[in-house]
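S.K.: below are the sequence and a predicted model; questions follow.
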Amino acid sequence: MSDSMPNRPAGDVMNTECRVDGPFWGALKRELLLSYRRKSDLVNPLIFFLMVATLFPLGVSPDPAFLADVAPGVVWVAALLATLLSMDSLFRSDFEDGTLEQILLSPQPLYLVVLAKVLAHWMLTGLPLTLLAPLLGVMLFLPSDGMWGLMLSLLLGTPTLSLVGAIGAALTVGLRKGGVLISLLVLPLYIPVLIFGSAAVQGAVTGLPLGGYLALLGAMLSFGLVMAPLAIGAALRISVSG
Amino acid sequence: MNFESFAEFIDMGGHGLYVWLSYGIALAVMVINVVNPLMHKRQIFSEQARRLRREKQKS
Amino acid sequence: MAENKWLPRWFYQLASPRWCYDITGKLLPIFVILTLLTLVTGTVWALAFAPADYQQGNSFRIIYIHVPASILAQSCYMLMALAGAIGLIWKMKVADMVAKSCAPIGASLAILSLVTGAIWGKPTWGSWWVWDARLTSMLILLFLYLGVIALNSAIESERTAAQSTAVLALVGLVNIPIIKYSVDWWNTLHQPATFTLTERPAMPAEMWVPLLVMVIGFYCFFAVVMMLRLRNEIIQRERRSRWVRTLITG
Amino acid sequence: MSTLRLKIENLFCERDDRVLFDALCFEVNAGEVIQIEGQNGSGKTTLLRILSGLSRHFEGDIYWQGEHLDHCAPAYRESLLYFGHQPGIKAVLTPRENLRWYASLHPDMHLDRLDYALAQVGLSGFEDVPCHTLSAGQNRRVSLARLYLSQAPLWILDEPFTAIDKRGVAEQEALMAAHAEQGGSVILTTHHELAMGDKIRRLNLDQLAGTL
């Protein structure tokens, strides 16, 4: 195209405005901006997280000793379900308004865009869940020694949940009844994270060294960081193609 | 042969229920696995035959 | 007229499914005979001639169903993921069909393994269900199968369904060792195993030879069911081609 | 310099047991505007999705500047601007934010012309209002503003004029003509009668499929 377009703003005036973000930052900023504009989507998983944890004392027993016993597992299961709850919308709105097509047609590496989206999802669900977890710990009489284990294990475990869940979201994005299906696909894959996550909390409560569990969670996270975006990208291309 | 009599064979040293139940279920699973594709095959054939007849009538 | 125009390409592409249909047609009777032979001898041997276990008595004979079913359920998942990968990479139609046929067979075998495990658990542990590491991983394997089946049936387009389930199966395959390791580890943490179902120090030959026969029998059985399902899939997907039409009209 | 851009060879696609097109061959050269015609359900959108690389449910070969599409996908995406059925606009973002995000996906976009582009599609004054307050036509215009920003030589446009008024259509059409004159190529579907008439090459899917 010719460069003789009229009305072209002077470069120096618009300088900051014209700086183009890379694919990763562009996608990350956009996701954060989007959820900032739709704040209710942001708090819903958190409320859900809180409610699930409330159900256990009501449904089983309010006995502090018992609750302290099950607290690590309950908090982890609640975190897992809360992550899953917000997973379905990860690619769905992009799919519906056509922006997903544009992402797939971009010359930029899909890996980075997908990674940015998952990171944004974690920052908006996993991270708040981690920060909120001590509150649940108190509600469930988790001994204070376990708090650090709880937060550290959630910090390392929830990103893996987001990464694995995104694979399910990408596989079901073109389907109308994706919501239930995604849990069916993803929950079995969440089991190792659940096992090591709650074991880490239990270890912290009983005063055992945490290093091993956290290392395993970290190993799963790094493996997920390398592999999951590839699977997500492939799944998105397949889903949009159909 | 491990058993003295047929009754003993059926009884399996008191565990007859468990052993025969297991083998029975295994048999059932196998039969279902074989019958299911065979039925499906019949269904496909009759369906396609009907479709072909329909197309023939049309043309 | 239009049909003639695209016949050559169709012919070219269908060569492989058709070949597959023919070859499975020839192999099928052989495998049926093999299956009957091995399974009948294996069952008689296992039920009547193999010695009873000195600890578990005759309930030990359930092993001859439980172990082959478990082994096969796992190899079936591997086959499904591998076939899916081949279908994804080389766009081979037959591989997609193999992968699709695997899921229901594998799921039924996983169920068989779980049910026989539970039945075996009753006389051995005194309860129908124990959170034993192997049973738990088998349960999770069943969940993985169910996920694959659910995804496959939710997607209408055959090709998208095949590709999506292939991705899911591959993700599951990568996860199976992690799941197995985590469950094993979790199991040792929560209940020190007094004795497990299938792990025994050394099995005398009178016990493991019939087991081997049963495992081979199960594999042959799997091959038979696989071929039956595969042939159905081929006919279903190639229904528009000329050779299937003549096959159906007879 | 070869003017050949896109070469489609022996394209075959069926959907729901129906052959949409078969042995479809055509070429798209530099400076050409090609309009895909056909009844509803003749596979216009499907064809455009295949050409853009979104849909892979086809048999046959597509070459971009002599190279098979399978081997040059990133380069192809760099030279492609695709306008799909959905405009690809986030409702809660403003037109400016939407276009800036596009620029992060297509780094060679002229982002400095952003205001100019939005003015050209008649949206000056709406740069910073959320898109959900705009009409359907205005939303599509936001997406069409990419045509003024992009450097991509190949445009694939699926019904770009839906919900766009007459004046807008005339302007877009002029833009396409200018793009073709400068050596670009356009493949589009539309139900509008285009004024540039004789400059357009028409491709009728009904005739090709022999259903008409």
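M.R.: Thanks, I have the structure now. Numbers count the residues shown, from 1 in each chain, chains lettered A, B, ... in the order given.
S.K.: flag every residue of chain B that's near chain D.
M.R.: Nowhere does chain B come near chain D, counting by Cβ under 8 Å from any Cβ of the partner chain. C-beta here means a position set from N, CA and C on the backbone, and glycine is covered the same way.
S.K.: pick out the residue of chain B closest to chain D.
M.R.: Nearest residue of chain B to chain D (Cβ to the nearest Cβ) works out as B:R51 at 9.6 Å.
S.K.: what is the neighbour count of that residue?
M.R.: By other Cβ atoms under 10 Å in any protein chain shown, the residues close to B:R51 number 15.
S.K.: just D:Q120 next, same as before
M.R.: Using other Cβ under 10 Å, D:Q120 is surrounded by 22 other residues.
S.K.: I'd say it and D:L149 touch.
M.R.: No - counting by Cβ atoms under 8 Å, D:Q120 stays clear of D:L149, with 10.1 Å between them.
S.K.: chain center to the longest helix along chain A: distance?
M.R.: Using DSSP state H to define each element, chain A has its longest helix at helix A:211-241. Between the centre of helix A:211-241 and the centre of its chain there are 12 Å (Cα atoms, centre = their mean, to the nearest Å).
S.K.: so the longest helix that chain D contains, near chain A or not?
M.R.: As assigned by DSSP H, the longest helix anywhere in chain D is helix D:166-181. Yes - using Cβ under 8 Å from any Cβ, helix D:166-181 reaches chain A at D:H179.
S.K.: quick one on the thing from earlier: which neighbours do D:Q120 and D:L149 have in common?
M.R.: Where contact means Cβ atoms under 8 Å, 6 or more residues apart in numbering or on different chains, no residue is in contact with each of D:Q120 and D:L149.
S.K.: quick one: low-confidence parts of the chain?
M.R.: You didn't pick a chain, so chain A it is. A:1-19 (pLDDT under 70).
S.K.: not what I meant, chain D
M.R.: D:1-4, D:197-198, D:208-212.
S.K.: try 50 this time
M.R.: Scanning chain D for pLDDT under 50 picks out D:1-2, D:211-212.
S.K.: would you mind listing what in it touches chain C?
M.R.: So far as Cβ under 8 Å from any Cβ goes, chain D lies against chain C at D:N10, D:F12, D:D17, D:V19, D:D22, D:A23, D:H57, D:E59, D:G210.
S.K.: please name the residues that touch the closest residue to B:F45 other than its chain neighbours.
M.R.: The shortest distance from B:F45 to any non-neighbouring residue, by Cβ to Cβ, 6 or more residues apart in numbering or on different chains, is to C:I248 (5.8 Å). With contacts defined as Cβ under 8 Å, 6+ apart, C:I248 is in contact with B:F45, B:Q48, B:A49, B:L52, C:I235.
S.K.: give me the distance between C:I248 and C:S241.
M.R.: Relative to C:S241, C:I248 is positioned 11 Å away (Cβ to Cβ, to the nearest Å).
S.K.: likewise for D:S42?
M.R.: Counting by Cβ to Cβ, the gap from D:S42 to C:S241 is 24 Å.
S.K.: the two: which is more packed in?
M.R.: Comparing D:S42 with C:S241 by other Cβ under 10 Å, the one with more neighbours is D:S42, at 22 against 19.
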